[in-house]
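**Student:** Sequence plus the predicted model coming up.
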Amino acid sequence: MKFHFYFFFCFLISVNLLAQGQNNFRLNDELQDSVFYQYKNELEIAKKSNSVLKITEKYLQLGDFFQQTEVYTEAIDQYTSALKMAEQQHLDSLQVILKNRIGKIYLSIKNYEKAETFLMESIESAQKQKFTKAEAIAEEILGSCFEKEGNYLHALEHQQRSLELFTRLNDEEGIAIVNENIGSIYEDLNQFEKAHEYFLKSYAYFQQIKSEKQINVLNNIGDVYRKTNRYEEALGYTQKSMRLAEKFGEKHQIESAHKDLAKTYALLEDHKKAYEHLWEYNQIQEQQFYTQNFRQLNVLQTIYETEQKEAKIELLTQQNTINKANQNLMLLGGGAVLLVSGISLLFMNRKRKEKTKLQAYEQRVLQAELEKKAIEEKKLQDEIQLKTASLSKYSLNIAQKNKLLSDLSATLKKMSSRSKMDTQSKIKDLAKELDFALQQEDEWDEFMNFFEDVHPQFFKDLAQAAISKLSSAELRLAMLLRLNLSSKEIASILRVTPDSVRVARYRLRKKLPINSKQELVHFLMNL
């Protein structure tokens, strides 16, 4: 009994450490498949051993794996399985840790309502257990949820509560993270002096513990200086952030630094350097985008292939069982004929009926298993299609930006090689060219082709459902709404104001058979 208690205690400590350190875990892309198969096999072994702690640990490992590869639906499934087992065994501290992780994933996918539900449950449970570390983490994540929703008052309240708890624990990393979060809130509120104060506190703590997270804080300080027109200081901090990012190999932070440097140089009217950094930003962003999506698709494909193999193995096992059962029945029947030749015809008929019922039952069981596997296979295919649609959306954005950048580059080179050119007139002509380029339809046509590949019946069903003929602009709007984009995102893509998007949505709704209680987006999603 003492040994089991000690084992669980050690396991719980390791889980707690994982909860703090999972952001620093990096998985080599080449090892993804082998790691997945290893965790999957270990889970099956743990299930056969009937060890609750081992099974929970393996669900947790798989959840961490899927979170790092950003396959969030699978991560939530694995964490939820671990949570159910923790609830059955009354492992209260482990429940708090798992709810924090699930809440953080829902924050990442912008499902703030579910994130808040899990985090509030975690805080309540942590307070009862006096699990201060987990409570501090939950308060910090919950504050981030409210910040993303624009509820800055609640965001500050929870971040301040988290800061108090981390300070009580003397947790320098936690203090640094929360100070950065508070600075970000004040930056959103345009209270740059307070934002600067909290960013500096965060930077000091991150420096003290030599954490690479100081890179993002340096970028934030540079942003504050840029927004307060202190461009030279902004350049200094952003360049320092880039040097550290290159040292640690943080591609995302290098991308952010190039973007911020492009903005600062543009404000200083050093258009050549602004263009160079903007070009670098777009190159890294494109590379990161394709790398991330390839990694996710690779993981989904691995899951799909694994499920297929398991289904085939299970099917073969069931077929062998049925074959053996049939063989046994035949042997028994033959033996019965030899040994009991005088059995009456009535008894033989009864035996045949029983055999027929048994085979029918076995066929029904087999059919049910096949249908279950087919549903699981369709679910995996839907996830792959979802990522394909995501690739299409971002491909359009990249194509538009790259085209504009190429045109801008050519014009700037011409301007720099001609000393007597009328610069003001040329800049006006350049602006007209950019406006004209933004009105081109080629990228839209390509994007609509991608969309029709993923949703081939959508435009046909929409046209049949419409009360009156829809314009090309209304078809575009319907397509973007079908992708579940917000009005703000649609306005950015169409280069109009959010108010114009709301008016366009109202006009589109009038042309569709939608009752007053039905949402336009739900109607389009169900086509």
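**Tutor:** Received the coordinates, thanks. Numbering: from 1, shown residues only.
**Student:** For residue 182, see how far away the closest residue to residue 174 other than its chain neighbours is.
**Tutor:** Using C-beta to C-beta, 6 or more residues apart in numbering and skipping residues adjacent in sequence, the residue nearest residue 174 is residue 166, 3.5 Å away. For every residue, glycine as well, the C-beta is placed using N, CA and C. Between residue 166 and residue 182 the distance, using C-beta to C-beta, to the nearest Å, works out to 12 Å.
**Student:** do the same with residue 107
**Tutor:** Residue 107 sits 17 Å away from residue 182, going by C-beta to C-beta.
**Student:** Counting neighbours around each, name which of those two comes out higher.
**Tutor:** Per other C-beta atoms under 10 Å, whichever of residue 107 and residue 182 has more neighbours is residue 182, with 25 against 20.
**Student:** Show the average pLDDT along stretch 495-502.
**Tutor:** The predicted model assigns stretch 495-502 a mean pLDDT of 90.
**Student:** Could you list the buried residues of that stretch?
**Tutor:** For stretch 495-502, a neighbour-count test (16 or more other C-beta atoms under 10 Å) marks residue 501 as buried.
**Student:** for stretch 199-219, same thing?
**Tutor:** 199, 201-203, 205-206, 211, 213-219.
**Student:** ok, those residues vs residue 507, which is closest?
**Tutor:** Distance to residue 507, by C-beta to C-beta, is smallest for residue 219 among the buried residues of stretch 199-219, at 41.7 Å.
**Student:** which element is that closest one on?
**Tutor:** Using DSSP states H and E, residue 219 falls within helix 214-227.
**Student:** what's the model's confidence in the very next helix or strand once past that helix, averaged?
**Tutor:** Next along the chain after helix 214-227, taking DSSP H and E as the criterion, comes helix 231-248. Averaging pLDDT along helix 231-248 gives 92.
**Student:** to the chain's geometric centre, what's the distance from the helix or strand following helix 231-248?
**Tutor:** Using DSSP H and E, the helix or strand that directly follows helix 231-248 along the chain is helix 251-267. Its chain's average C-alpha position is 24 Å from that of helix 251-267, according to C-alpha atoms, centre = their mean, to the nearest Å.
**Student:** what's helix 251-267 packed up against?
**Tutor:** In terms of contacts (3 or more C-beta pairs under 8 Å, 6 or more residues apart in numbering; DSSP states H and E), helix 251-267 is packed against helix 214-227, helix 231-248, helix 271-339.
**Student:** Comparing the ones you listed by mean pLDDT, which bottoms out?
**Tutor:** Mean pLDDT per stretch puts helix 271-339 lowest among the helices and strands packed on helix 251-267, at a mean of 65.
**Student:** need the strands for this structure, in chain order.
**Tutor:** Counting by DSSP state E, the chain forms no strands at all.
**Student:** Can you list the low-confidence ranges for it?
**Tutor:** Under the criterion pLDDT under 70, the flagged ranges of the chain are 1-33, 288-326, 328-338, 340-342, 380, 382-407, 409, 416-422, 433-443.
**Student:** Next, count neighbours for the residue nearest to residue 174.
**Tutor:** When neighbours are defined as other C-beta under 10 Å, residue 166 has 25 of them.
**Student:** Surely it touches residue 175?
**Tutor:** Yes - counting by C-beta atoms under 8 Å, residue 166 does reach residue 175; the two are 4.8 Å apart.
**Student:** so what's in contact with the two at the same time?
**Tutor:** Residues touching both residue 166 and residue 175 (C-beta atoms under 8 Å, 6 or more residues apart in numbering): none.
**Student:** Contacts made by the helix holding residue 219 with the rest, please.
**Tutor:** For helix 214-227, contacts defined as C-beta under 8 Å, 6+ apart pick out 176, 180, 183-184, 187, 190, 192, 195-196, 199-200, 202-203, 206-207, 231, 233-238, 240-241, 244-245, 248, 250, 253, 256-257, 260, 263-264, 267.
**Student:** Now with 6 Å, please.
**Tutor:** 180, 192, 195-196, 199, 202-203, 206-207, 233-234, 237-238, 240-241, 244-245, 250, 253, 256, 260, 264 (C-beta atoms under 6 Å, 6 or more residues apart in numbering).
**Student:** I would like a PyMOL command selecting only the buried ones among these, please.
**Tutor:** Selection of buried members from those for PyMOL, criterion 16+ other C-beta under 10 Å:
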select buried, resi 180+192+195+196+199+202+203+206+234+237+238+240+241+244+245+250+253+256+260+264
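**Student:** quick one: residue 446 from residue 158, how far?
**Tutor:** The span separating residue 446 from residue 158 equals 44 Å under the rule C-beta to C-beta.
**Student:** Which of these two has more residues huddled nearby?
**Tutor:** Shown here are residue 446 and residue 158; by other C-beta under 10 Å, residue 158 has more neighbours (24 against 14).
**Student:** Just give the nearest non-adjacent residue to that one, would you?
**Tutor:** Residue 158 sits nearest to residue 143 (C-beta to C-beta, 6+ apart), 3.6 Å away.
**Student:** for residue 265, same thing?
**Tutor:** For residue 265, ignoring the flanking residues on the chain, the nearest one in space by C-beta to C-beta, 6+ apart is residue 274 at 3.9 Å.
**Student:** Please give me every residue in contact with that neighbour.
**Tutor:** Contacts for residue 274 were tallied using C-beta under 6 Å, 6+ apart; they are 262, 265-266.
**Student:** export those to JSON lines and tack on neighbour count?
**Tutor:** Putting the contacts of residue 274 into JSON lines (neighbours: other C-beta atoms under 10 Å) gives the following:
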{"residue": "262", "neighbour count": "21"}
{"residue": "265", "neighbour count": "20"}
{"residue": "266", "neighbour count": "15"}
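**Student:** Can you tell me which of those residues lies closest to residue 92?
**Tutor:** For those, the minimum distance to residue 92 (C-beta to C-beta) is 49.8 Å, reached by residue 262.
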